[in-house]
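Enquirer: okay, here's the prediction I keep looking at, along with the sequence it came from:
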Amino acid sequence: MTAPVKRGSLPLVFGRFSLYFAPSIFSAALSVVMLPIATRVVGPMEYGVFALTNAYTGFGSAIATMGGSYVIAHRFLGGSHEERRDVVSTILFLGLGAVTFLGLLLLGLWPFLPSTGYVSGGKLFLAVAAMVAGQPWIVAGDVLTLRGDARTYAVTAVAQSIVSAAVLLIGLFYFGLGLTAFFLSQFAAALVSVAGAFVILREYLTPKLDRAVLAELRHIGIINGFGNIAEALQTAVERTVLSLNAGVTQLGIYSNSQAYRGFASMPVKAVARSIWPVTLDDATDPASDFERTKEAWDLAYLGLVCSGIFFATFGDRLIGGLTHGKFTAAYLVATYWMIYLIVQNLGKPQVGILYALGGGRTYAKLVIASVVVGILAMVGLVPLFGIWGAAAAATLQQAFLRIAIQRAAKVYRDAPFQDGWAYFGILYIVAVFLVRHFFGGPLETNLLIMALAYVLLFFISRRSLMAPMHRMRLETN
């Protein structure tokens, strides 16, 4: 059996998914436990301030990556140990230098940035320190994904969650630090990631910058990195525009709704990490129909539909109960985010084609163009519709990007249409929400609507749910 087939066999993919998903489940469960505890002390305004600060540091972190993820993906698979060492070390040390410079720049420019008066010097220093300390984990995450080393990822991610929660609790209730405890918790998690990154990257560390890697960064990587920078810029603009037009408190509610989007995206990211090497292999095989990619993403789409059903029928009671009624208004946007996540993950074979067959520059240009569309839509819609304007602008940006990617990939090779369950899922979530809106209300009625929606969904999708199991039996016999 050849190496690509072995790496793409479904039992191995499923094993990687389990290890990627386990820490996500643990982190989500811990976050749910922490939410009612933390919201006893802080409210929407503090969440808004924390979200705005993270938008600026996230922008700095994105600039520091400089397209390194694309160069690592291009050189790591199939490269010798020496070639892997050269690319990893070069990307790591460049990133650390860049993120340190950008951190110092952010400290100097902070008083001149909009809506930043709520953050004191100590909180800002912790946020910048977390940004710098977290940079090696970005490189380590790329290496882990390409190596299929999900176990190390799981251990580090679980350790980050535990340390972050412990520091937050101690900071909030023992020292009474308030919002500062959130920044301290974030910094502690970043320190844990440094230890995990060292374990992963130590065999690739060498004190030099490889000229060939630098050349590829200039030629391909930087333009690809502009895509990541543009996305981070969009987040920074989104939160700044919201804070200026809707207020920091509304930004906090919006940010809380995005937390549930983050919970729902955890298993999706686990699927993405697990199946990505398979998708890249399939993209380079002209005879491939991306069947394994389709089976994996069908499950992801169905999982997002299940999340959408839950939020549409029970989200207001859940969020209200978890946050002492402070963030109940986030439930409608949280339901909408499930549709957004489906749109965001359309066209995965086409993305693999662009990455594997030399379309990285094209992909980056499309990301940049889509972000321009998103920012323009945001500037126009947020003053009129507040947080719903921001949600609509984000979805418009993703829809533009997915359509553009699918058109661009046709230049390199054809790929079958595989997004049927995604489009069905969007309509299904909307239908369930409308049924609950017009016929629901009492808890018992909402639970009945939710149960019927799940039963009908599982009946309709039973073949797609069983397809990976059939393939696993075939590949293990």
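Expert: Received it, and whenever you're ready, just let me know what you need.
Enquirer: contacting residues around residue 36?
Expert: Listed by Cβ atoms under 8 Å, 6 or more residues apart in numbering, the contact partners of residue 36 are 321, 322, 323, 324. Just so you know, the C-beta spots here come from the backbone N, C-alpha and C atoms, and that holds for glycine as well.
Enquirer: buried among the residues you listed? Need that as a selection in PyMOL.
Expert: Selecting only the buried entries of the contacts of residue 36 in PyMOL, with 16 or more other Cβ atoms under 10 Å as the criterion:
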select buried, resi 322+323
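Enquirer: which one of the contacts of residue 36 is nearest to residue 160?
Expert: Checking those against residue 160 with Cβ to Cβ, the nearest one is residue 322 at 21.6 Å.
Enquirer: next one: the closest one from residue 328, what distance?
Expert: Plainly put, residue 322 is 10 Å away from residue 328 if you go by Cβ to Cβ, to the nearest Å.
Enquirer: cool, and residue 119?
Expert: Applying Cβ to Cβ to residue 119 and residue 328 gives a distance of 26 Å.
Enquirer: one more: residue 30?
Expert: Distance from residue 30 to residue 328, by Cβ to Cβ: 22 Å.
Enquirer: show me which of those two is the more surrounded one.
Expert: residue 328 (19 against 15; other Cβ atoms under 10 Å).
Enquirer: and what about that one, helix, strand or coil?
Expert: Taking DSSP: H, G, I helix; E, B strand; the rest coil as the rule, one finds residue 328 in the coil state.
Enquirer: doesn't residue 315 make contact with it?
Expert: No. Taking contact to mean Cβ atoms under 8 Å, the distance of 9.2 Å between residue 328 and residue 315 leaves them out of contact.
Enquirer: and residue 4, what pLDDT?
Expert: In this model, residue 4 is scored at 40, pLDDT.
Enquirer: same thing with residue 230?
Expert: We have a pLDDT of 80 for residue 230.
Enquirer: can you get me a residue count around it?
Expert: By other Cβ under 10 Å, 20 other residues sit near residue 230.
Enquirer: just say helix, strand or coil for the closest residue to it other than its chain neighbours.
Expert: Here the nearest residue to residue 230 in space, its sequence neighbours aside, is residue 371; by Cβ to Cβ, 6 or more residues apart in numbering that works out to 3.8 Å. The local conformation at residue 371, judged by three-state DSSP, is helix.
Enquirer: OK, contacts around residue 371?
Expert: The neighbourhood of residue 371, defined by Cβ under 8 Å, 6+ apart, consists of 227, 230, 231, 233, 234, 397.
Enquirer: can you give me the domain boundaries for this protein?
Expert: Residue ranges for the structural domains of the chain, counted by automatic domain parsing, are given in the record as 1-21+246-477, 39-244.
Enquirer: what's the span of the last one, first residue to last?
Expert: End-to-end distance for domain 39-244: 24 Å, by Cα to Cα, to the nearest Å.
Enquirer: what average pLDDT does the longest helix anywhere in the chain get?
Expert: As far as residue count goes, and with DSSP state H defining each element, the longest helix of the chain is helix 248-284. Along helix 248-284, the predicted local confidence has a mean pLDDT of 89.
Enquirer: list the buried residues in that helix.
Expert: Of the residues in helix 248-284, those buried under the neighbour-count criterion (16+ other Cβ under 10 Å) are 248-268, 270-283.
Enquirer: repeat that for stretch 358-378.
Expert: Along stretch 358-378, these residues count as buried under the neighbour rule (16+ other Cβ under 10 Å): 359-371, 373-375, 377-378.
Enquirer: pull the distance from it to the chain's centre.
Expert: Using Cα atoms, centre = their mean, to the nearest Å, we find the averaged C-alpha position of stretch 358-378 to lie 17 Å away from the chain's own average C-alpha position.
Enquirer: tell me the spacing between residue 140 and residue 429.
Expert: 35 Å.
Enquirer: and what of residue 267?
Expert: Shown here: residue 267 relative to residue 429, a distance of 17 Å by Cβ to Cβ.
Enquirer: can you check residue 442 too?
Expert: Residue 442 sits 21 Å away from residue 429, going by Cβ to Cβ.
Enquirer: these two: which has the busier surroundings?
Expert: When neighbours are counted by other Cβ under 10 Å, residue 429 comes out ahead of the other of residue 442 and residue 429, with 24 against 8.
Enquirer: what's the helix or strand in which that one is found packed up against?
Expert: Under the criterion of DSSP states H and E, residue 429 resides in helix 420-439. Counting contacts by 3 or more Cβ pairs under 8 Å, 6 or more residues apart in numbering; DSSP states H and E, the secondary-structure elements packed against helix 420-439 are helix 291-322, helix 330-344, helix 443-460.
Enquirer: measure how the strand or helix carrying residue 165 sits relative to helix 248-284, angle-wise.
Expert: Secondary structure assigned from DSSP H and E places residue 165 in helix 150-169. Between the direction of helix 150-169 and that of helix 248-284, the angle (axes from the mean of the first three to the mean of the last three Cα atoms, to 10 degrees) works out to 180 degrees.
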